[in-house]
Each structure stands twice: as C-alpha cells, then as structure tokens.
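Asker: Predicted coordinates and the sequence they were generated for:
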Amino acid sequence: MRTLIHSSRNNCAIHKKTVTVSARNIRTKYGVKRIFSYISSKKTSVSAGRPLRRLWLLLSVSGLLLSLLTSTAAGAQTYTEPPQHSAKPDRQRMLGHDQRIILIDAGHGGIDGGTSHGSILEKDITLAISRRLFLLLRSDGFDAILNRTGDYAPSDDNRWLQSRSRHLRDLAQRKELAETLPANVVVSIHVNWARSPAKHGPIILYRQEGRSYLLARSIQDQLNQLYGVQSDSVPGKPFYLLNKITATTVIVEAGFISSPTDREKLCSPKGQEEIAEAIAGGIAAYLMEV
C-alpha cells in the first residue's frame, strides 16, 4: 500500500433501503473535533482510576454507535442499507452474537488517501466496502462496530499520543479503540497495488498464531470463490495492527487497484456488495469453527 495526500474523493453510493448517518461535533478541552455515534446492545463501563484517554475512547465508541443507527435532520449523509437477512436462531446461538464484538477497520481516510489509480483513492473504496460489511453483519445479528464513517483520519482524534508521526498516531488510535471495546475480532479493510496490471486477486494477511490464521483462511476462501482465483493468505509480520492488537486480527487486501479486472469490482456498488458479502461469510464461517 502507498500513502499519498489527496483532497478529492469518490462518492460510493449504496442502494436499496436508505439509512441516515450524521456526525455529531463535540468540542472538549482536549481538542476533540468529532465523536461519531453508535448504539450497541452491550454497555461498557469505565473504572475511576483509568487514564483520560480510556474515558475519551469509550465516549467515542458510544458516540460512534449512535450515529450509525439513528437519523438526524441536520448535516446528514445518506447511504442505503443492503437487504436484511435474518439469522436462524440455532445459528445465532452457535455464533454467540451477544458475546463477540467485531471491529471493522476502514483503512486510511482524510489526508491519507492510501494507494490510487488516477482519481480513484483507496480510502474511498475501503470506506464503501466497510459500510456494507457493517450493515451485513448487523443485519445478521452480530455486534459489529465501524471505526470511521466518513472521510477523515483517526489520527485527527488522537490527542493523547505525543508523537510527531501522523501515521503512528493514526495506527495507535485504531489499536486503542480495539483494546478499549474490547473487540474479539478485528478486520482491517485495504486495497492492494502492484507495478504489473496482471497481478490481481485478494490477499489476506494474518498474525502467525492459530486464530488469526483460521480467520484469514476463512475469508480468503470466500474471496477466492468470488474472484475465481486460488490465492493463499500470507503472514503480515511488519504490520502494526497485526502485532499490537490483542484480538484476533487480519488485514484484508480486497483486490488490486492496479488491475483492470479487480478495479471494476472494487469501484462498482455491485462489486463492493459482493466483496462485503464474501468477507461477512468468511467471518461467520470462522466463528462457527471457534
């Protein structure tokens, strides 16, 4: 993945049932600009002795949940929910929906556009796929959380890490959210790039431990069927999120933006929906194994 600074963005429309999402701007003495809302069936508590950054992150999580599931009149962005698929009661019991939090990490955002092809930016593709994945998991009864809902970088909200590196503050913010929830599964969505346009297909990166490998293999199998390839998931040794997050974590490289065939799927609403469905299927299959 390459990082570039780019101000343009692509609109990723999601069709069918319309859901309204808004950002509630909250200012505190710590300079926090945005806390996104979200409503979850599980409540998280904070003990009195924890650092302020823990309290802020928990407030950020509860805020994130409310925005994704409620409608507001002012400053709202709309996107559409995919068809609802009710999970069978026996399947819900097997998967333990009420005990497992799935954190969807939408890669890049804001000043960090990720890799690109012309005016097409990775950050827009990852957000579009992540939104669809979130809605699919929620419709199937999973306790899913999406860590960004718009075009901004998580580093914008990191006021607790004293580092000159924006990239490090970004990664640390993503990691801290996963630990604070705490998440049981973390799936980070990205897009790949190669010099050769002939290189294509999904690649799932995993931490070299059993659960991460099983999750990666399960998602890889589903995406391989979608793309018609036989790619293998690979260990991702140098990646911060794989090394630092306690929960079972994988990085999904959903395809190559440099490949014409992959790019068609990555940039179309239909292709994004298919990719999200494949990833959701892989997560569900993994949870049935463990």
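Answerer: Yes, it's here.

Asker: Can you tell me what sits against stretch 195-204?
Answerer: With contact meaning Cβ atoms under 8 Å, 6 or more residues apart in numbering, stretch 195-204 is reached by 192, 216-217, 219-220, 223-224, 226-227, 229, 231, 233-234, 250-256, 258-262. Any C-beta I mention is one placed from the backbone N, CA and C, and that applies to glycine too.

Asker: List the buried residues in it.
Answerer: 200-204 (16 or more other Cβ atoms under 10 Å).

Asker: try stretch 252-267
Answerer: Neighbour count says stretch 252-267 has 252-259, 262-263, 265-267 buried, by 16+ other Cβ under 10 Å.

Asker: elements contacting the helix or strand in which residue 250 is found?
Answerer: Using DSSP states H and E, residue 250 maps to strand 248-256. Judged by 3 or more Cβ pairs under 8 Å, 6 or more residues apart in numbering; DSSP states H and E, the packing partners of strand 248-256 are helix 122-139, strand 185-192, strand 203-206, helix 210-227, helix 240-244, helix 260-267, helix 269-289.

Asker: Now the weakest link among the ones you listed, please, by mean pLDDT.
Answerer: Comparing mean pLDDT across those, the weakest is helix 240-244, with a mean of 92.

Asker: Just list what it packs against, helices and strands only.
Answerer: helix 166-180, strand 248-256.

Asker: any chance of the buried residues of stretch 252-267 in TSV, plus distance to residue 286?
Answerer: Compiled in TSV, these are given as follows (distance: Cβ to Cβ, whole Å):
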residue	distance to residue 286
252	13
253	18
254	17
255	20
256	24
257	26
258	29
259	27
262	24
263	28
265	23
266	23
267	27
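
Asker: tell me the SS of residue 246?
Answerer: Judged by DSSP: H, G, I helix; E, B strand; the rest coil, the three-state class of residue 246 is coil.
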